[in-house]
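*Asks:* fold the following and give me the result.
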Amino acid sequence: MGQKLKITGWVAAGAVAGVLTTVSLQTVARGSLAPLPLEELQQLAAVFGMVKSDYVEPVDEKKLISDAISGMVAGLDPHSQYFDKKSFKEFREGTTGRFVGVGIEISQEDGLIKVVSPIEGSPAFRAGLKPNDLITKIDDTAVRGLSLNEAVKRMRGEANTKVLLTIFRKDESRTFPVTITREEIRTQSVRGKVMEPGYGWIRLSQFQERTVDDFVKKVEDIYKEEPNLKGLVLDLRNDPGGLLDAAVAISAAFLPENVTVVSTDGQLAESKSVYKAAPEFYQRRSGSDPLRNLPAALKNVPLVVLVNEGSASASEIVAGALQDHKRATVMGSQTFGKGSVQTVRPLGPDTGLKITTARYYTPSGTSIQAKGIVPNVLIDESAEGSPFAALRMREADLEKHLASGQGPEAKDPEREKARDEARKRLEEEAKKPPQDRKVPEFGTDKDFPLVQALNRLKGQPVLVSKTQVIVENKDEKKEN
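*Replies:* Residues are numbered from 1 along each chain as shown. Predicted coordinates:
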């Protein structure tokens with residue numbers, strides 16, 4: 001099966017929380033088309049002709065067709081997308097972890113572009129952009145009304161060119177301009193270190209082409225420094241996704257050989273697949289097993305996986321596999337719930353279509369879509385709780401999101417009330433001095449969830465959440 005998939009195209013799945021939020025693999029193209037609705041196509045041709053001849057000023061034919069395709073696909077779900085020449089190039093760049101831009105992960109908030117995080121060492125990082133900054137204008141273009149993809153297009157460009165961003169910083173109640181020079185961004189998706197004698201921490205911020213090799217090197221470094229590792233924390237918080245083969249490889253690094261990591265199910269025969277913890281499911285063409293040099297002890301070291309609402313797609317696949325096989329204790333908050341598969345099919349030499357073709361299922365047959373992974377142990381962001389978690393978007397909050405396929409979704413009537421309360425708390429927080437508002441960096445001794453994960457590994461008391469509510473779907477399994 002692993003070889004059958006390696007024919008044409010990509011399959012992608014990712015959160016909409018940032019620029020680089022896709023999961024990719026290779027798949028076969030559909031061999032046949034359904035009968036075409038000729039009457040409706042005639043209407044489409046008629047509208048095209050009217051716009052072309054009657055509109056107040058001349059219009060570009062290619063743009064009309066491109067916009068028609070974009071609208072058709074955008075009406076399906078939040079993750080299906082038409083790629084024009086530029087966006088297709090950017091999509092492919094995103095999977096490599098290298099692109100030319102300003103170096104920020106972004107999302108949308110109230111029609112504006114929100115900075116999720118500046119990439120460390122990037123032009124945006126050096127310019128002082130901070131998480132939660134809102135971008136109101138890109139050069140002379142107002143951001144309100146732009147799609148996330150359109151905003152990305154305007155911020156990317158050629159190396160050594162400049163872009164002017166207008167920033168609104170809510171906690172300081174001020175708007176200011178920042179001119180940033182674009183450069184090639186090389187994202188570092190793996191960090192890690194020995195936290196204290198016997199205990200290590202590895203953070204994956206994304207699943208990219210280099211992630212598995214960088215992960216192996218980081219594991220080797222940790223074991224070199226601490227040969228008698230007693231426990232490891234795999235940190236997947238705010239990891240929006242990436243390459244599926246990388247997710248399968250990271251799972252396989254900890255699991256017994258040949259156990260199921262994830263399965264997919266959809267209309268196409270090729271969408272009904274099972275991916276296992278074996279080299280043929282994750283190693284690249286003509287390459288060797290990237291996990292061959294891992295220490296054997298990694299298969300049995302006590303493991304905690306940290307997740308939160310920002311953990312999506314590929315990171316949910318890893319967390320779900322390790323949880324279902326009881327290889328790790330998953331701790332944190334319920335994950336984003338991005339459990340659909342997008343197939344990326346080339347439409348020509350430089351355009352493509354990303355369309356949802358399947359759902360992901362954990363080894364136990366549970367759908368990730370619109371629910372996510374529920375941790376074994378619920379942990380808050382701080383000792384005071386997670387006061388702003390209700391403001392975060394999850395897959396189930398997205399308009400036109402795909403249902404789980406396992407029964408109706410339960411709607412929480414208290415959600416909007418919780419969001420209103422969180423907004424009020426955020427306003428109060430904004431009045432505090434900046435040094436009192438700073439969220440501790442991941443991987444420090446002030447990182448509350450990480451401290452709780454280490455306590456769990458050491459058999460010490462853990463401060464579990466007393467307030468988190470799980471978003472449930474009807475408890476059914478996939479029909480096999």
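
*Asks:* any weak-confidence spans in the stretch 51-200 of the chain?
*Replies:* In the predicted model of the stretch 51-200 of the chain, residues 93-97, 120 satisfy pLDDT under 70.

*Asks:* show me where it has strands.
*Replies:* 81-83, 98-101, 104-109, 112-118, 134-138, 141-142, 162-169, 174-181, 183-186, 190-196, 199-204 (DSSP state E, counting those that start in this stretch).

*Asks:* for the shortest one, packing partners?
*Replies:* Same thing as strand 141-142. The helices and strands touching strand 141-142, judged by 3 or more CB pairs under 8 Å, 6 or more residues apart in numbering; DSSP states H and E, number zero. C-beta: built from backbone N, CA, C; applies to glycine.

*Asks:* quick one: strands adjacent to that strand?
*Replies:* When sheet partners are counted by DSSP bridges, strand 141-142 sits next to strand 134-138 (antiparallel).

*Asks:* likewise the third one?
*Replies:* According to DSSP bridges, the neighbouring strands of strand 104-109, each with its direction, are strand 112-118 (antiparallel).

*Asks:* what does the strand it pairs with contact?
*Replies:* For strand 112-118, the surrounding residues in contact (CB atoms under 8 Å, 6 or more residues apart in numbering) are 17-18, 103-108, 124-125, 129-136, 143-144, 146, 148, 151, 168, 238, 310.

*Asks:* start and end of stretch 136-143, how far apart?
*Replies:* Distance between the two ends of stretch 136-143: 5 Å, counting by CA to CA, to the nearest Å.

*Asks:* give me the distance from it to the chain's centre.
*Replies:* Its chain's C-alpha centre and that of stretch 136-143 lie 25 Å apart, by CA atoms, centre = their mean, to the nearest Å.

*Asks:* and the contacts of it?
*Replies:* 111-113, 135, 144, 146, 151, 154-155, 163-168, 175.

*Asks:* how about CSV for the strands of the stretch 51-200 of the chain, with distance to S66 added?
*Replies:* Listed next are these as CSV, based on distance: least, CB to CB, whole Å:
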stretch, distance to S66
strand 81-83, 7
strand 98-101, 22
strand 104-109, 22
strand 112-118, 22
strand 134-138, 21
strand 141-142, 19
strand 162-169, 24
strand 174-181, 28
strand 183-186, 27
strand 190-196, 37
strand 199-204, 35
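
*Asks:* including mean neighbour count, could those strands go into TSV?
*Replies:* TSV is the format used below for the strands of the stretch 51-200 of the chain (neighbours: other CB atoms under 10 Å):
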stretch	mean neighbour count
strand 81-83	23
strand 98-101	19
strand 104-109	21
strand 112-118	20
strand 134-138	19
strand 141-142	12
strand 162-169	17
strand 174-181	13
strand 183-186	16
strand 190-196	18
strand 199-204	23
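
*Asks:* and of these, who's closest to H325?
*Replies:* H325 sits nearest to strand 199-204 of all these, at 18.5 Å, using CB to CB.

*Asks:* and the closest one with strand 190-196, angle?
*Replies:* Interaxial angle of strand 199-204 relative to strand 190-196 (axes from the mean of the first three to the mean of the last three CA atoms, to 10 degrees): 170 degrees.
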